[in-house]
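Kindly return the folded structure for what I paste below:
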Amino acid sequence: MSGTSGAQNGDKISVLFVCLGNICRSTMAEGVFQSIVKDPSSPYYDLIGTVDSCGTGGYHIGDEPDSRTLATLRANGITNYEHAARKLRDSDFRDFDYIFAMDLSNLSDTERWRRTKKVDSRAKVMLFGEFSGTGRKEVVEDPYYIGRDSFKKAFEQCRRFSENFLVATFPQIPPSTT
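All right, here's what the predicted structure looks like:
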């Protein structure tokens, strides 16, 4: 599972995270992933291009992330994350190397979008939890109605999945010790 056409060509790879409304899980994943790869001291800084997130539904278009997502990111030292919710679009399948769904419903909706719209696609669409590191796929449960502890769990999963994805994609780079 190492590399993409972009990484193999020397181009930066691009990653899109998808959940239902684009205010909790996908924004959490985007914030976590950006914090790892967009720091100039990161070994991945020159390898990752665009990082974004979206929702399969248009319920929150233009809204900022849920306050509990932002609080969880801040509690973990990620203080500069900003995002306005948006809906998945046809061009995402052409513009991104990877599209990571947070759960099986998001994965199904994203794959159905690509299939029914018959869009050109270079993106590898997959469950983000395929990078769980546990030997089994995990879903990131929607914390919206569950509570603060579920936001902490989503953060931990997004951090772990991000690190495991980067190690799998760039095996020549030693894993982070953080």
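
Quick check: mean pLDDT of stretch 131-140?
The average pLDDT within stretch 131-140 is 95.

end to end, how far does that stretch reach?
Terminal residues of stretch 131-140 lie 12 Å apart, using C-alpha to C-alpha, to the nearest Å.

Run through who's touching that stretch.
19, 25, 28-29, 102-104, 127-130, 154, 157-158, 160-162, 164-165, 168 (C-beta atoms under 8 Å, 6 or more residues apart in numbering). The way it works is simple: take the backbone N, C-alpha and C, and place the C-beta from them, glycine included.

which of these count as buried?
19, 25, 28-29, 102-103, 127-130, 154, 157-158, 160-162, 164-165 (16 or more other C-beta atoms under 10 Å).

Now go through those residues and say which are in strands.
Taking DSSP state E, the ones among the buried ones among the contacts of stretch 131-140 that sit in strands are Cys19, Leu127.

which other residues reach the longest helix along the chain?
Counting by DSSP state H, the longest helix found in the chain is helix 148-169. The contact list for helix 148-169 (C-beta under 8 Å, 6+ apart) reads 1-4, 7, 13, 24-25, 28-29, 32-33, 36-37, 44, 68-69, 71-73, 76, 98, 100, 128-129, 131-133, 138, 140-141, 143, 173, 175-176.

now, which of those lie within strands?
Ile13, Tyr98, Phe100.

Mind listing the residues bridging to the first one?
So the one you mean is Ile13. Ile48 (DSSP bridges).

That one reaches Ile48, doesn't it?
Yes: judged on C-beta atoms under 8 Å, Ile13 makes contact with Ile48 at a distance of 6.0 Å.
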